[in-house]
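> Build me a model:
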Amino acid sequence: MTYEIERTTEQWREILNPQEFQVLREAATERPWTGPLLDEARPGVYSCRACGNELFKAETKFDAGCGWPSFWEPLRQEAVKHVEDNSLGMRRVEVLCAKCGSHLGHVFPDGFGTPTGDRYCMNSVSMEFTPSAQ
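Numbering: from 1, shown residues only. All right, here's what the predicted structure looks like:
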């Protein structure tokens, strides 16, 4: 796949810290309950930490009890890409930033009680939060 923003591995390493690089560029997963955005509750927007692409509105965030920030839909469907992921002996749908191809997390059809029924389970380290101006 080609993306609007493309960098070499070395360039990504220069702009991301080691944990961000592992998650965003190597599809690692941060440990549950450790992410700084898990308990973020202010109004605002969540963006891709690698490129700034706006991904989720705070009002779509919900407590899924899974240990990672969860959202019931992206800000725009075009903001993310869905890719089949059959790694680790599981069948899942990986969520990538549509602008730079960075790994964000996975989407699951178990967001019961949400308007879409989906749970976008995202790594905190893959996003930046910008609070709304009050």
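
> does the spatially most central residue of the chain count as helix, strand or coil?
Taking Cα atoms, centre = their mean, the centroid of the chain lies closest to L104, which sits 3.2 Å from it. At L104, secondary structure determined by DSSP: H, G, I helix; E, B strand; the rest coil is strand.

> Name whatever forms a beta bridge with H106.
Taking DSSP bridges, one obtains E94, C121 as the residues bridged to H106.

> E84 now?
V93.

> so it touches M90, yeah?
No - taking contacts as Cβ atoms under 8 Å, E84 lies outside contact range of M90: 11.0 Å. (Glycine included, C-beta is placed from N, CA and C.)

> For A58, see how far away the residue nearest to the centre of the chain is.
The gap separating L104 from A58 is 16 Å, by Cβ to Cβ, to the nearest Å.

> Ok, M1 next?
Going from M1 to A58 by Cβ to Cβ gives 29 Å.

> of those two, who's got more company?
Taking M1 and A58 together and counting by other Cβ atoms under 10 Å, A58 has the greater number of neighbours (17 against 8).

> check contacts around the more buried one.
Counting by Cβ atoms under 8 Å, 6 or more residues apart in numbering, A58 makes contact with 40-46, 129, 132.

> what's the burial count for the residue nearest to E4 when sequence neighbours are not counted?
Spatially, and ignoring its direct neighbours in sequence, E4 is nearest to K99 (5.1 Å; Cβ to Cβ, 6 or more residues apart in numbering). Other residues lying near K99 total 21 when counted by other Cβ under 10 Å.

> what helix or strand is V23 on?
helix 18-26 (DSSP states H and E).

> you'd agree G35 is up against S126?
No - the criterion here is Cβ under 8 Å, and G35 misses it with S126 at 9.2 Å.
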